[in-house]
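J.: When you get a sec, could you give me coordinates for this:
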Amino acid sequence: MFTCDAIATAIGGAEIVDASRLASLADKINGATHFFESPPDIWAVFVVAGKNFAKVELEGVKSTKRVKYKPLVAAQNYDAIRAIAPHYSALRPYILYEIAGKPEIIAPPADLPQIKRGTRNHASRVDTKLLATLSKHSNLNPKLRKRVASLLRRYKKLKTVHGSERDLFEERALLDFATDVLSDMGLRSHRIKATQMIRTLEGAELGADRDHFFHSFQNCSLGLAAIAECRDAFGAYKDLARIHWEIEPADVWFLTTMWHDVGYGAQNFENLVGVTFSDDVRDQAAQVRQTFFNHPARQEALHVLSYLTERLLRPEAGTTEWMEPSTNTTLGPDASRIQTVYKTNFLGGSHGAFGALRLFYDYNDDVDRMEPETRLRLKQTMLLSAASMPFHDWSFRTQLRKEYGDFKVKPCAMPFAALLMFVDSIQDDRRDLGGGEDAVQVLKALRCYEKTLVVAEINQGALRDLDLLEKIVEARDVTASMSQSAGELQFKYPTWLVPTV
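T.: Numbers count the residues shown, from 1 in each chain. This is a model prediction of the structure:
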């Protein structure tokens with residue numbers, strides 16, 4: 001909750017407390033809870049703490065333009081951001097919100113995009129032009145290019161499919177593609193059902209309120225383009241963190257995107273139990289979650305991933321080559337705090353840590369039974385992928401700051417975590433879960449420059465007015481959670497999302 005002192009510090013001014021002056025200001029601006037002065041500006045402050053942005057506050061913000069005061073909406077939580085979002089484009093107030101654990105004033109961008117109604121991106125959920133590029137890109141391994149080319153041939157048949165059948169057709173084509181890629185890696189392909197379950201739950205309106213199944217494949221294809229163009233930059237972590245693993249970057253990214261959202265079923269587990277059975281057994285869902293978490297394989301995953309995450313977050317502290325810890329290895333204080341964050345995130349009902357633990361559980365036993373050379377490569381691929389997933393989850397980042405401290409993800413040390421944070425903060429599929437004739441994706445493409453800089457190209461036709469503020473908040477939190485340096489792997493948003501410093 002923002003105190004008056006915190007607001008004063010954020011705007012660099014002082015609260016107006018003179019009674020007669022306050023009465024005069026309140027007559028002009030209804031709904032404002034406080035007034036501050038930062039010469040030459042008068043700030044009218046509207047505090048929003050829940051899901052409702054009251055009409056009196058809405059009208060009050062509008063009236064500030066008439067008297068030339070600066071409207072500041074202090075959003076006390078994310079529900080407040082969502083309440084303000086539908087009105088943001090029209091009102092363009094200043095927003096006070098906690099970004100990366102610190103209060104931040106978000107000024108209305110001068111280049112805030114004008115929403116272009118009726119624009120369509122492409123008829124399929126995954127951009128076939130992008131697939132065509134990937135199928136021929138020399139920096140992707142031949143097996144993957146072959147699988148992408150096969151998927152592209154399947155997509156050519158989509159023209160003959162109509163209505164809701166289009167989504168079903170794409171679902172089958174994408175799942176076949178995923179099983180082929182997993183088989184090429186040497187992994188049992190039926191495990192992709194964890195990703196397929198997202199589609200099942202969302203189709204039954206038991207998951208999240210927007211698509212995550214197709215979103216995973218969209219993230220995958222978009223990120224593959226960036227990895228292919230900036231391949232060397234995605235391998236810089238090896239020397240920096242002293243983790244010299246000879247693994248395929250595209251394989252790491254594939255597993256990362258396919259498993260990063262499988263925890264949405266777990267995140268909505270209590271509701272799922274209540275709907276499926278009855279509300280009187282909803283409380284037992286927490287017991288099931290705890291039992292799942294306590295499984296020895298998941299505890300092993302928790303131990304190893306906490307140890308690896310510590311090295312990736314502080315690569316400069318590693319003086320020797322990183323080695324996978326045994327179950328008897330004692331975690332240091334930092335790794336122990338990270339372990340607590342994984343546990344809190346998992347048991348607390350978010351989804352970031354779930355995907356990491358689920359991937360480890362799905363394949364660890366299979367990998368251990370492989371021949372030594374294959375086993376080592378796949379184990380390392382799986383570990384790096386799992387350690388990259390949780391950071392896209394806002395809750396995980398928030399919990400990590402509270403328990404571990406003010407962390408910064410270095411893209412040169414955690415390239416796949418940074419790429420997922422970046423892509424995931426932008427990309428949404430604007431076709432409803434029931435399907436339709438056209439898919440409209442917010443993130444149109446990732447453009448790569450000088451083999452290190454990845455720039456997001458936004459499709460304004462996919463945006464809605466209510467998207468603008470949420471995207472701004474998410475992009476700024478991701479940027480504030482990273483430490484980027486010129487000449488190394490970097491990610492850049494359009495300036496209306498994150499101003500260039």
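J.: I'd like to know which elements the helix or strand hosting residue 95 is packed against.
T.: Under DSSP states H and E, the secondary-structure element containing residue 95 is strand 94-99. On a contact count with 3 or more C-beta pairs under 8 Å, 6 or more residues apart in numbering; DSSP states H and E, strand 94-99 meets strand 70-75, helix 78-91, strand 102-106, helix 465-480. (Each C-beta comes from the backbone N, C-alpha and C, glycine too.)
J.: Name the nearest residue to residue 467, ignoring sequence neighbours.
T.: Spatial nearest neighbour of residue 467, chain neighbours left out: residue 442 (7.1 Å); criterion: C-beta to C-beta, 6 or more residues apart in numbering.
J.: contacting residues around the strand holding residue 95?
T.: Around strand 94-99, the neighbours that count as contacts under C-beta atoms under 8 Å, 6 or more residues apart in numbering are 2, 7, 10, 43, 70-75, 81, 84, 103-108, 469, 473, 476-477, 480.
J.: for stretch 294-303, same thing?
T.: Counting by C-beta under 8 Å, 6+ apart, 292, 325, 327, 329, 331, 339, 342-343, 356-357, 360-361, 364-365, 386 sit against stretch 294-303.
J.: If we go by neighbour counts, what in that stretch is buried?
T.: Taking 16 or more other C-beta atoms under 10 Å as the basis for neighbour counts, the residues of stretch 294-303 that come out buried are 298, 300, 301, 302, 303.
J.: Okay, the first one and residue 150: tell me how far apart.
T.: As defined by C-beta to C-beta, to the nearest Å, residue 298 lies at a distance of 35 Å from residue 150.
J.: so which two of the contacts of stretch 294-303 are the farthest from each other?
T.: Greatest spatial distance among the contacts of stretch 294-303 (C-beta to C-beta): 292 and 329, at 23.9 Å.
J.: Work out for me the element residue 402 sits within.
T.: Secondary-structure element containing residue 402, defined by DSSP H and E: helix 394-403.
J.: helix or strand right after that helix?
T.: Helices and strands here follow DSSP H and E; after helix 394-403, the next one along the chain is helix 415-426.
J.: Now do that following helix, average pLDDT.
T.: Averaging the model's pLDDT scores along helix 415-426 yields 96.
J.: That one vs helix 465-480, what angle?
T.: With axes from the mean of the first three to the mean of the last three C-alpha atoms, to 10 degrees defining the directions, helix 415-426 sits at 160 degrees from helix 465-480.
J.: orientation of helix 415-426 relative to helix 394-403 in degrees?
T.: Using the same axes, to 10 degrees: helix 415-426 against helix 394-403 is 120 degrees.
J.: on that earlier part again, adding mean neighbour count and distance to residue 320 as columns, could you present the helices and strands packed on strand 94-99 in CSV?
T.: Formatted as CSV, those follow (neighbours: other C-beta atoms under 10 Å; distance: least, C-beta to C-beta, whole Å):
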stretch, mean neighbour count, distance to residue 320
strand 70-75, 24, 45
helix 78-91, 18, 41
strand 102-106, 15, 34
helix 465-480, 21, 31
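J.: Adding mean pLDDT and distance to residue 458, write those out as JSON lines.
T.: Below are the helices and strands packed on strand 94-99 laid out as JSON lines (pLDDT from 0 to 100; distance: least, C-beta to C-beta, whole Å):
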{"stretch": "strand 70-75", "mean pLDDT": "96", "distance to residue 458": "23"}
{"stretch": "helix 78-91", "mean pLDDT": "94", "distance to residue 458": "15"}
{"stretch": "strand 102-106", "mean pLDDT": "95", "distance to residue 458": "18"}
{"stretch": "helix 465-480", "mean pLDDT": "94", "distance to residue 458": "9"}
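J.: Tell me which of the ones you listed sits nearest to residue 369.
T.: Ranking the helices and strands packed on strand 94-99 by distance to residue 369, with C-beta to C-beta as the measure, places helix 465-480 first at 38.2 Å.
J.: Run the angle between that closest one and strand 102-106 for me.
T.: Helix 465-480 and strand 102-106 are oriented at 130 degrees to each other (the same axes, to 10 degrees).
J.: Which element is encountered next along the chain beyond helix 465-480?
T.: The first helix or strand that comes after helix 465-480 along the chain, using DSSP H and E, is strand 490-492.
J.: which residues touch that next one?
T.: Where contact means C-beta under 8 Å, 6+ apart, the residues beyond strand 490-492 that reach it are 411, 418-419, 422, 452-456, 482, 484, 498, 500.
J.: Apply the buried test to the residues you listed and list what passes.
T.: Among the contacts of strand 490-492, those scoring as buried are 411, 418, 419, 422, 452, 453, 454, 456, 482, 484, 498 (criterion: 16+ other C-beta under 10 Å).
J.: quick one: terminal-to-terminal distance for stretch 454-474?
T.: Across stretch 454-474, the terminal residues are separated by 18 Å (C-alpha to C-alpha, to the nearest Å).
J.: May I see the helices and strands packed on strand 94-99 organised as a markdown table, with distance to residue 31 added?
T.: Rendered in a markdown table, the data for those read as follows (distance: least, C-beta to C-beta, whole Å):
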| stretch | distance to residue 31 |
| --- | --- |
| strand 70-75 | 10 |
| helix 78-91 | 12 |
| strand 102-106 | 20 |
| helix 465-480 | 19 |
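J.: closest to residue 188 out of the ones you listed?
T.: With C-beta to C-beta, the closest approach to residue 188 among the helices and strands packed on strand 94-99 belongs to helix 465-480: 33.4 Å.
J.: Show me what that closest one is packed up against.
T.: For helix 465-480, the packing partners by 3+ C-beta pairs under 8 Å, 6+ apart are helix 78-91, strand 94-99, strand 102-106, helix 394-403, helix 415-426.
J.: buried residues in the longest helix along the chain?
T.: In the chain, ranked by residue count with DSSP state H as the criterion, the top helix is helix 165-185. For helix 165-185, the buried set under the neighbour-count rule, 16+ other C-beta under 10 Å, comprises 166-167, 169-171, 173-182, 184-185.
J.: for the chain, what are the low-confidence residue spans?
T.: Counting by pLDDT under 70, the chain shows low-confidence ranges at 116-122, 189-212, 264-283, 285, 429-440, 501.
J.: Repeat the analysis, applying 50 as the threshold.
T.: By pLDDT under 50, the low-scoring segments of the chain are 196-208, 275, 432-438.
J.: Look at the closest residue to residue 494 other than its chain neighbours and say how many residues are nearby.
T.: Excluding its sequence neighbours, the residue lying closest to residue 494 (C-beta to C-beta, 6+ apart) is residue 458, at 5.6 Å. The local packing of residue 458 (other C-beta atoms under 10 Å) involves 19 other residues.
J.: No further questions, thank you.
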